[in-house]
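> Everything below, folded, please.
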Amino acid sequence: MSKLLIRGGRAVLPDAVADADVAVRNGRIEGIWTKEERARSEAWLAEARKGDASGETVIIDAEGRYVLPGLIDTHCDAIEKEIQPRPNTLFPLDMSLMEFERKLPLHGITTMYHSLSLGVGLSLRGDHLLTQLVELIREYRRKRAMIRHRIHLRYEVSHLDGLPVVERYVRERQVDYLSFMNHVPGQGQYREPGSFERYVMKNQGVDTEEVRRITEELIARERQVDWDGLRRLAGIAAENGISVASHDDDSPQRVEESSGFGVNVSEFPLNVETAVYAKEKGLHVCVGAPNVVRGVSHDKNMRAVDAIRAGAADILCSDYHPASLLTAVFKLFADGETDLPAAVRMATLNPARALGTAETVGSLEPGKAADLIVVDRFEGHPWVTHTVVDGTIVYEGGVYYTG
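Okay, the predicted model is just below:
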């Protein structure tokens with residue numbers, strides 16, 4: 001029977017920050033007591049220690065540190081770089097997953113929706129590895145895990161042969177989140193003439209003739225997309241409790257079209273007008289933490305902070321850089337863009353609400369799963385000292401003081 005008391009930290013609750021002790025038993029948060037309620041905390045500890053000769057009750061001293069819910073990352077494709085850090089350097093999938101997993105607790109991420117792409121046909125983003133990764137992640141999490149591994153299936157709608165594969169995964173609930181992508185040149189991420197071609201040539205090392213062929217084939221396939229089939233697929237996802245997202249919406253009109261597919265999340269809208277419209281339509285809006293940290297989009301699109309200031313973004317994801325998620329949360333707070341509870345909700349409770357898991361994870365509340373992190377700060381930068389998943393300490397980081 002696991003018992004844990006996190007004592008003396010600044011607990012970030014859904015709507016407030018309080019000096020409080022957090023008690024955990026059997027993987028659940030059992031109590032949260034403020035300094036004024038310290039007697040209740042001490043009584044809990046005394047009861048927990050009765051007959052506890054084996055030292056099962058663990059105390060974490062969080063004095064001077066923050067205690068947060070574990071971060072929930074709804075969109076991150078960084079596992080691709082773990083598998084293939086450079087072109088033509090493919091590493092074993094099982095090794096890559098284990099090594100990638102080890103990095104996540106030290107960034108405070110306790111739930112990762114691995115973003116696996118089907119149909120882009122560039123880099124790792126094709127059929128040849130997606131099915132293997134889906135099976136590997138599902139099998140791995142049945143055996144052991146440091147964090148909660150989930151699967152975010154990103155479906156390129158022009159990949160016509162992929163529709164039956166996606167439908168099977170959705171019907172069998174083998175994926176946990178589904179997004180529709182359309183990377184055809186001339187709209188969305190590649191609306192500027194030549195931007196798609198430049199991206200492919202830079203990242204794939206192909207010549208102008210090859211990129212011309214890729215572009216022509218993609219445009220031709222997009223003309224054959226079964227839009228009614230996609231609507232039906234979104235309905236199947238809803239029946240199975242799987243949230244659906246659009247990707248790179250570039251206009252209010254595109255948001256309207258996406259809404260017709262039953263999406264409830266708009267990922268990375270390209271401008272503030274579109275983000276505002278998506279929120280007005282009742283969608284969750286997801287922006288990238290690297291954008292917040294750097295202050296600019298790597299693709300010269302909307303600054304995430306502008307959407308946040310407009311009240312038009314409520315979810316942060318790490319996109320391609322897991323370390324950015326916690327840093328972005330504290331940067332929003334430090335820069336006065338939001339209070340700390342609001343910034344934390346963007347990487348915890350709001351993603352849980354969007355993906356239908358808020359009853360069990362996403363906030364520090366009695367009865368919820370004990371997924372939480374203890375966060376110190378060094379020269380303004382947050383760093384995680386402890387990560388707890390389902391009541392188990394999966395990471396504890398010390399510091400060597402050179403002085």
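> So this structure: which segments form each domain?
3-68+364-396, 71-354 (automatic domain parsing).
> Pick out the shakiest of these, pLDDT-wise.
Ranked by mean pLDDT, the domains of the chain end with domain 71-354 at the bottom, a mean of 89.
> now residue 129: how far from residue 117?
Summarising the geometry, the distance separating residue 129 from residue 117, computed by Cβ to Cβ, to the nearest Å, is 10 Å. Any C-beta I mention is one placed from the backbone N, CA and C, and that applies to glycine too.
> Same list, the domains of the chain, but as JSON lines with distance to residue 402 please.
Rendered in JSON lines, the data for the domains of the chain read as follows (distance: least, Cβ to Cβ, whole Å):
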{"stretch": "domain 3-68+364-396", "distance to residue 402": "13"}
{"stretch": "domain 71-354", "distance to residue 402": "20"}
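> thinking again about what came up before, between residue 129 and residue 117, tell me which one has more neighbours.
A count of neighbours by other Cβ atoms under 10 Å puts residue 117 above the other of residue 129 and residue 117, at 24 against 20.
> SS state for that one?
In the three-state summary, residue 117 is assigned as strand, counting by DSSP: H, G, I helix; E, B strand; the rest coil.
> thinking it is in contact with residue 178, fair?
No: with contact defined as Cβ atoms under 8 Å, residue 117 and residue 178 do not form a contacting pair (11.9 Å).
> In contact with residue 71: list those residues for me.
Taking Cβ atoms under 8 Å, 6 or more residues apart in numbering as the contact definition, residue 71 lies against 107-111, 325-326, 329, 347-348, 373.
> returning to what we had before: find residues that contact each of residue 129 and residue 117.
Listed as contacting both residue 129 and residue 117 by Cβ under 8 Å, 6+ apart is no residue at all.
> Let me know the outermost residue of the protein.
With Cα atoms, centre = their mean as the measure, the chain has its most outlying C-alpha, relative to the mean C-alpha position, at residue 51: 40.6 Å.
> and that one, backbone torsions?
Comment: the main-chain dihedrals of residue 51 come out as phi 70, psi 20, following degrees, to the nearest 10.
> Now do residue 146 against residue 320, distance only.
Distance, residue 146 to residue 320, by Cβ to Cβ: 21 Å.
> Pull the number of nearby residues for the residue nearest to residue 114 when sequence neighbours are not counted.
Distances taken as Cβ to Cβ, 6 or more residues apart in numbering put residue 79 closest to residue 114, at 5.4 Å, once the chain neighbours are dropped. A count of nearby residues for residue 79, using other Cβ under 10 Å, gives 22.
> contacting residues around the residue farthest from the centre of the chain?
Residues in contact with residue 51 (Cβ under 8 Å, 6+ apart): none are found.
> In three-state terms, how would the nearest residue to residue 63 once chain neighbours are set aside be classified?
The shortest distance from residue 63 to any residue that is not its chain neighbour, by Cβ to Cβ, 6+ apart, is 4.1 Å, and that residue is residue 8. In terms of secondary structure, residue 8 is strand; the call rests on three-state DSSP.
> ok, now which ones touch residue 8?
By Cβ under 8 Å, 6+ apart, the contact list for residue 8 reads 19, 21, 61-63.
> what does residue 271 give?
Residue 271 makes contacts with 250-251, 301-302, as judged by Cβ under 8 Å, 6+ apart.
> Output these in TSV, with secondary structure, distance to residue 340 and neighbour count appended to each entry.
Listed next are the contacts of residue 271 as TSV, based on DSSP: H, G, I helix; E, B strand; the rest coil; distance: Cβ to Cβ, whole Å; neighbours: other Cβ atoms under 10 Å:
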residue	secondary structure	distance to residue 340	neighbour count
250	coil	32	18
251	coil	34	17
301	coil	27	18
302	coil	24	22
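> May I ask which two of the contacts of residue 71 are separated the most?
The largest separation in the contacts of residue 71, counting by Cβ to Cβ, is between 111 and 329 at 15.0 Å.
> how long is stretch 137-153 end to end?
From its first residue to its last, stretch 137-153 covers 12 Å (Cα to Cα, to the nearest Å).
> Give me the buried positions along that stretch.
Taking 16 or more other Cβ atoms under 10 Å as the basis for neighbour counts, the residues of stretch 137-153 that come out buried are 137, 140-141, 146-153.
> So which of these sit within helices?
Taking DSSP state H, the ones among the buried residues of stretch 137-153 that sit in helices are 137, 140-141.
> Excluding sequence neighbours, find me the nearest residue to residue 391.
With sequence-adjacent residues excluded and distances taken as Cβ to Cβ, 6+ apart, residue 391 is closest to residue 27, at 3.7 Å.
> How much space separates the one you found from residue 395?
Distance check for residue 27 against residue 395: by Cβ to Cβ, it reads 16 Å.
> So for these two, which sits in the more crowded spot?
For residue 27 against residue 395, the residue with the higher neighbour count under other Cβ under 10 Å is residue 395, and the figures read 22 against 15.
> what does the particular helix or strand that has the more buried one in it contact?
If you go by DSSP states H and E, residue 395 is part of strand 392-396. Outside of strand 392-396, the residues within contact range by Cβ under 8 Å, 6+ apart are 2, 4, 27, 58, 60, 105-106, 146-147, 384-388.
> hmm, 6 Å instead?
When contacts are defined by Cβ atoms under 6 Å, 6 or more residues apart in numbering, strand 392-396 is touched by residues 105-106, 146, 386-387.
> cool, stretch 243-258 as well?
Stretch 243-258 is contacted by residues 177-179, 181, 188-189, 191, 234, 237, 262-270, 274, 277-278, 355 when judged by Cβ under 6 Å, 6+ apart.
> Flag every buried residue along that stretch.
Residues of stretch 243-258 classed as buried by neighbour count (16+ other Cβ under 10 Å): 243-252, 254-255, 258.
> Just send those back as TSV, with secondary structure too.
Putting the buried residues of stretch 243-258 into TSV (three-state DSSP) gives the following:
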residue	secondary structure
243	strand
244	strand
245	strand
246	strand
247	strand
248	coil
249	coil
250	coil
251	coil
252	helix
254	helix
255	helix
258	helix
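> Regarding the residue nearest the centre of the chain, what is its secondary structure?
When the chain is reduced to its mean C-alpha position, the closest residue under Cα atoms, centre = their mean turns out to be residue 73, at 1.4 Å. When the structure is split into helix, strand and coil by three-state DSSP, residue 73 lands in strand.
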